[in-house]
Every structure is written in C-alpha cells, then in structure tokens.
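>>> model the structure of this input:
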Amino acid sequence: MTSAVLATALGAFCAAVPAQADEDPRAALPAVTPEAETPAVFDDEEGGNADADDPAIWRDPADPERSLVVATAKEGGLRVYDLEARQVQSIPAPPPPGPGDAPGRFNNVDIVEDVRLGEEVADLAVVSDRGRDRLRVYRIDPRAPEGPLVDVTATGVPAIFTDSQQEINEEMTAYGLTTWTDRRTDRSYALVSRSGRTRITLLELTSTPEGTVDYREVRSLRLPSTFRLPDGSFWSPCADPGELPQVEGMVVDPANGMLYAAQETVGVWRVRADLTSGPKLVDRVREFGVPATYDAETDECVPGEDPGFGGRHLAADVEGLTLLTESDGDGYVLASSQGDSTFVLYDRELEDRNEHEGGFRVTAASPTLDGTQETDGVAVLNAALGDSYPDGLLVVHDGDETPSEPAREATNLKFVDLGELMDELDD
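This next block holds a predicted model:
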C-alpha cells in the first residue's frame with residue numbers, strides 16, 4: 001500500500017462509532033413490492049450452473065416500451081429480458097480454452113451509450129468475464145435478427161490482470177465493473193476490480209476499423225486492506241487465505257466524474273473515476289473493526305467481540321451500487337446491504353460528502369412473488385419506460401428465489417416500479 005493511500009485510510013477513522021443497538025434496524029425502513037420477476041435460474045448442472053447476479057437497464061430512445069434489462073448469470077452467461085421480465089435472449093459464456101481450464105463466467109454488466117463503431121453510433125453492454133479475465137462487449141440492437149445483443153468484442157482482447165492461463169485458473173481475475181464516459185473528451189471507459197484483491201483498473205474502450213471494441217489499460221489504484229482503528233490498533237477484514245478485501249459494486253456519477261466503489265467487507269469508497277485522487281471512505285459496514293479468525297473446517301470467518309467502530313447502515317457484504325438521479329439534479333447513491341437484505345441511500349453530493357439519507361426493503365407482493373434476500377447487483381433508471389414503468393424502473397437481484405424447487409439453489413431478478421419507491425421515500 002502506498003503511503004498516500006494509507007494516510008487517506010487512516011484519516012477516515014479518527015472517531016469511533018458507538019456500538020449498535022440490539023433492535024432490528026430494518027423494522028423502521030419503508031418497504032416496496034415488485035411488479036414482476038424474471039424466471040428463476042439454477043446453480044447446478046441441470047440448470048447450466050447459472051446464478052443471477054448483476055443487472056443493467058437499457059432504454060430504447062425510439063420506443064421506450066421496448067427497453068431491455070441485461071443481466072449476468074455467471075457460468076450461465078448473459079440473459080436479456082423485456083419489461084415484462086420475460087427472457088428474450090440467452091448468450092452463453094465462452095467455453096474453456098483447454099481441458100481443465102476455467103470456462104467463461106460473466107460477473108457484472110453495464111451500459112455505454114452513443115459509442116462510435118466504424119461509421120455507426122451504438123449503445124453497448126460491457127461485461128466482466130471473471131472466468132476468462134477479459135471484457136466482452138455487445139452492441140444493443142433490438143432490430144438485429146440474432147439480437148438484441150450482438151457480440152462486437154475485438155478478436156484477441158487481452159487478459160486484464162493475469163499473465164497466463166494458469167493465473168486465470170487461480171481465479172484472481174476481472175470481477176466488478178462499471179462504465180464511464182468522460183464528458184470532457186467523449187472517451188468511454190470501463191473500471192474493473194480484481195477478485196480477491198483491492199485493485200481497480202481503468203480501461204479505455206476503443207473501436208477498431210472492423211467495427212468491434214478493444215480496450216487498453218490507463219492506470220490502476222489499490223484500496224487499503226489494513227486500517228488503523230480509533231484505539232490505535234490495526235485491523236484487516238477476515239478472508240480466505242491469501243485473499244484481500246475485494247470490490248464488486250461500482251458506479252460513476254457523470255455529473256462530477258466520481259467513482260463509488262463497494263469494498264465488500266469494508267464499506268463504500270469515493271474516488272475520482274480517472275483514478276488520479278486518493279480514496280475517501282463514505283461509510284463503513286457494521287462489522288468494520290471486528291476481529292475474526294478464518295476456520296478452515298467450515299470455510300468461514302469466526303468473529304470476535306465487536307469493539308464498536310463500525311458503521312450504522314451497511315451489513316457486510318456491501319454489494320451492488322447504482323445512481324438514482326432526479327430531474328432537479330439531486331438524487332442518491334444506492335447501495336445493496338447484502339448482510340441484512342436492505343438498500344441504503346446516500347445523498348448524491350457533488351462536493352466532498354455523501355450523507356446517509358435512509359433506506360428501504362423489497363418485500364413480497366404475493367405468495368408467489370417474493371421479495372429480495374441477499375441482494376447482489378442493483379440497477380435503476382429514472383426515465384419513462386412506456387406504459388410499463390412510466391416513472392422509471394428499479395431492478396434488484398434476489399439471492400434466494402422462493403418458492404423454489406427442492407434441493408436447488410435458485411436466483412432471479414425483481415422489477416420494482418420506481419414511482420412506488422419515490423413515493424415511499426417522499427413520505
């Protein structure tokens with residue numbers, strides 16, 4: 001860790017936060033219910049080792065009713081849904097390059113608008129392929145006969161973090177992802193985190209004469225993995241042997257070019273999206289500072305006594321991040337608090353602070369349309385999407401889809417009317 005990053009990290013913890021009360025903090029949160037849900041996917045051989053994870057929303061400017069939700073399913077590849085939550089396309093992840101090698105594993109996805117590809121301007125879905133340590137890029141075209149997503153990844157795109165297939169098979173590869181277009185230059189980028197490490201890398205997306213998309217590394221930043229607590233002691237989050245606290249959820253605020261990054265067992269960071277500034281911790285998980293010991297038999301971390309240095313709003317892991325913008329320029333940074341199955345809102349400050357503004361839950365609409373548990377990815381779009389969602393759409397991952405088939409782990413996505421959520425937040 002560099003001295004500059006360490007100094008930033010240490011400065012974030014100059015004051016202790018009181019220990020948490022015993023009452024369930026979720027009880028006071030407003031609740032919204034889903035309007036629809038996607039078909040369940042199953043993480044087993046019969047289901048194609050599919051595991052729903054991260055969604056992104058694409059708005060069709062010509063016909064908002066034909067807008068799409070694109071979502072990763074890990075080894076199950078990519079799924080595309082219409083606004084009725086019906087699957088319209090399934091894209092398989094790439095096969096392993098050789099016997100015993102890791103197959104493709106699509107982890108996170110985001111949308112980039114108005115990118116020039118040859119003589120055309122297109123919208124793109126950009127995916128982090130954790131299994132192959134690369135980006136995959138798809139042009140979005142509802143009129144394409146093989147579409148609506150068409151692979152435009154350049155031939156021979158490089159691995160992002162690894163130097164060999166052996167390293168790729170060890171799985172410290174591309175993990176979380178968000179995209180960003182710099183308004184000053186109109187250049188588009190992907191910010192990608194590394195599994196099991198604290199590194200975030202900025203990649204510039206570049207078009208080729210063939211109308212495909214390549215990328216090149218611009219720079220990287222490493223977040224802290226060790227923190228000085230207010231009592232003067234040092235703490236590192238417990239993890240599997242050899243691993244560091246990783247980042248998955250990320251989002252960039254286009255108004256000021258700030259990246260928000262969710263370090264799962266630490267909290268939410270804020271840093272310039274071009275990675276030229278030191279990171280600042282916006283909020284900590286409740287478990288921050290709690291000593292823990294890795295138990296090899298159970299493959300779990302056994303926590304010790306809570307010294308009371310954690311935050312109040314996030315329960316580890318903090319996962320998906322998205323930006324809820326409002327017509328007046330205000331809005332929220334929205335975080336998925338996976339540990340207690342809630343969602344946390346922070347003010348979309350354009351200066352140097354993001355105050356906590358509340359939270360909410362997604363609960364069951366009926367016995368057959370459940371709420372969300374252990375949410376990973378989340379996406380929101382505050383724009384009219386035809387008659388289906390005239391006030392916008394919130395899409396959230398459900399890590400425990402119920403009712404499910406016996407002995408099969410099922411996941412899916414819930415679609416929530418954004419107007420309902422905004423009404424609840426305004427009350």
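
>>> helix or strand for the spatially most central residue of the chain, which one?
The chain has residue 249 as the residue nearest its centroid, 3.1 Å off, counting by C-alpha atoms, centre = their mean. If you go by DSSP states H and E, residue 249 is part of strand 247-253.

>>> parallel or antiparallel, list what pairs with that strand.
When pairing is defined by DSSP bridges, strand 247-253 lines up against strand 258-263 (antiparallel).

>>> chain center to the helix or strand following the partner strand: distance?
Once strand 258-263 ends, the next helix or strand along the chain (criterion: DSSP H and E) is strand 267-272. Averaging C-alpha positions (C-alpha atoms, centre = their mean, to the nearest Å) puts strand 267-272 14 Å from its chain's average.

>>> buried set for strand 267-272?
267, 268, 269, 270, 271 (16 or more other C-beta atoms under 10 Å). C-beta here means a position set from N, CA and C on the backbone, and glycine is covered the same way.

>>> and for stretch 132-145?
Applying a neighbour-count criterion of 16+ other C-beta under 10 Å, the buried positions in stretch 132-145 are 132, 133, 134, 135, 136, 137, 138, 139, 140, 142.

>>> the last one: what's it in contact with?
When contacts are counted by C-beta atoms under 8 Å, 6 or more residues apart in numbering, residue 142 touches 60, 63, 66, 68, 148.

>>> which one of these is nearest residue 362?
residue 68 (20.9 Å; C-beta to C-beta).

>>> tell me what that closest one is bridged to.
In beta-bridge terms (that is, DSSP bridges), residue 68 pairs with residue 58.

>>> ok, residue 79 next?
Here residue 79, judged by DSSP bridges, has bridge partners residue 71, residue 90.

>>> so it makes contact with residue 89?
Yes. Using C-beta atoms under 8 Å, residue 79 is in contact with residue 89, at 7.4 Å.

>>> tell me the backbone dihedrals of residue 254, please.
Note on residue 254: backbone dihedrals following degrees, to the nearest 10 are phi -70, psi -20.

>>> my read: it touches residue 178, true?
No. Under the criterion of C-beta under 8 Å, residue 254 is not in contact with residue 178, lying 11.2 Å apart.

>>> more neighbours, these two?
The neighbour comparison of residue 254 against residue 178 (other C-beta atoms under 10 Å) goes to residue 178, with 27 against 14.

>>> okay, and the beta partners of the more buried one?
Counting by DSSP bridges, residue 178 forms beta bridges with residue 191.

>>> same check on residue 252?
Assessed by DSSP bridges, residue 252 has beta-bridge partners residue 259.

>>> how about it, what does it touch?
Residue 252 is in contact with 178, 179, 180, 191, 258, 259, 260, 273, 323, counting by C-beta under 8 Å, 6+ apart.

>>> ok, now with 6 Å
178, 180, 259, 273 (C-beta atoms under 6 Å, 6 or more residues apart in numbering).

>>> that one and residue 288, how far apart?
For residue 252, the distance to residue 288 equals 24 Å [C-beta to C-beta, to the nearest Å].

>>> same deal with residue 132?
The gap separating residue 132 from residue 288 is 33 Å, by C-beta to C-beta.

>>> what do you get for residue 332?
Separation of residue 332 from residue 288 (C-beta to C-beta): 22 Å.

>>> among the contacts of residue 142, which are in strands?
Residues from the contacts of residue 142 lying in strands, with DSSP state E as the criterion: residue 68.

>>> buried residues of the helix or strand harbouring residue 181, list them for me.
Using DSSP H and E, the element containing residue 181 is strand 174-182. Neighbour counts using 16+ other C-beta under 10 Å place 174, 175, 176, 177, 178, 179, 180, 181 of strand 174-182 among the buried residues.

>>> let's see it as CSV, backbone CA atoms only.
C-alpha atoms of strand 174-182 as CSV (Å, rounded to 0.1, in the frame of the first residue of the first chain):
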residue,chain,number,x,y,z
ALA,A,174,-11.8,-9.4,-13.6
TYR,A,175,-14.7,-9.1,-11.1
GLY,A,176,-16.7,-6.0,-10.6
LEU,A,177,-17.3,-3.5,-13.4
THR,A,178,-18.8,-0.1,-14.2
THR,A,179,-18.6,2.1,-17.3
TRP,A,180,-18.0,5.9,-17.6
THR,A,181,-17.8,8.4,-20.4
ASP,A,182,-15.7,11.4,-19.7
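
>>> which elements pack onto the helix or strand harbouring residue 319?
Using DSSP H and E, residue 319 falls within strand 318-325. Secondary-structure packing of strand 318-325 (3 or more C-beta pairs under 6 Å, 6 or more residues apart in numbering; DSSP states H and E): strand 247-253, strand 258-263, strand 331-337, strand 378-381.

>>> same list (these) but as CSV, adding distance to residue 94 and mean pLDDT.
Output for the helices and strands packed on strand 318-325, formatted as CSV (distance: least, C-beta to C-beta, whole Å; pLDDT from 0 to 100):
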stretch, distance to residue 94, mean pLDDT
strand 247-253, 21, 97
strand 258-263, 27, 97
strand 331-337, 28, 96
strand 378-381, 24, 98
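
>>> and the ones you listed: which comes nearest residue 197?
Comparing those under C-beta to C-beta, the one sitting nearest is strand 247-253, at 8.8 Å.

>>> gap between the closest one and the chain center?
Chain-centre distance of strand 247-253: 6 Å, with C-alpha atoms, centre = their mean.

>>> now do that strand against strand 318-325, angle only.
The directions of strand 247-253 and strand 318-325 differ by 10 degrees, with axes from the mean of the first three to the mean of the last three C-alpha atoms, to 10 degrees as the criterion.

>>> what angle sits between strand 247-253 and strand 267-272?
Using the same axes, to 10 degrees, strand 247-253 lies at 40 degrees relative to strand 267-272.

>>> then strand 247-253 to PDB, C-alphas only?
Extracted C-alpha coordinates of strand 247-253, given in PDB (Å, rounded to 0.1, in the frame of the first residue of the first chain):
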ATOM      1  CA  VAL A 247     -14.500  -4.600  -4.600                       C
ATOM      2  CA  GLU A 248     -17.500  -5.600  -6.700                       C
ATOM      3  CA  GLY A 249     -20.300  -3.000  -6.900                       C
ATOM      4  CA  MET A 250     -19.200   0.300  -8.600                       C
ATOM      5  CA  VAL A 251     -20.900   3.300 -10.200                       C
ATOM      6  CA  VAL A 252     -19.700   6.600 -11.600                       C
ATOM      7  CA  ASP A 253     -21.600   9.900 -11.200                       C
END
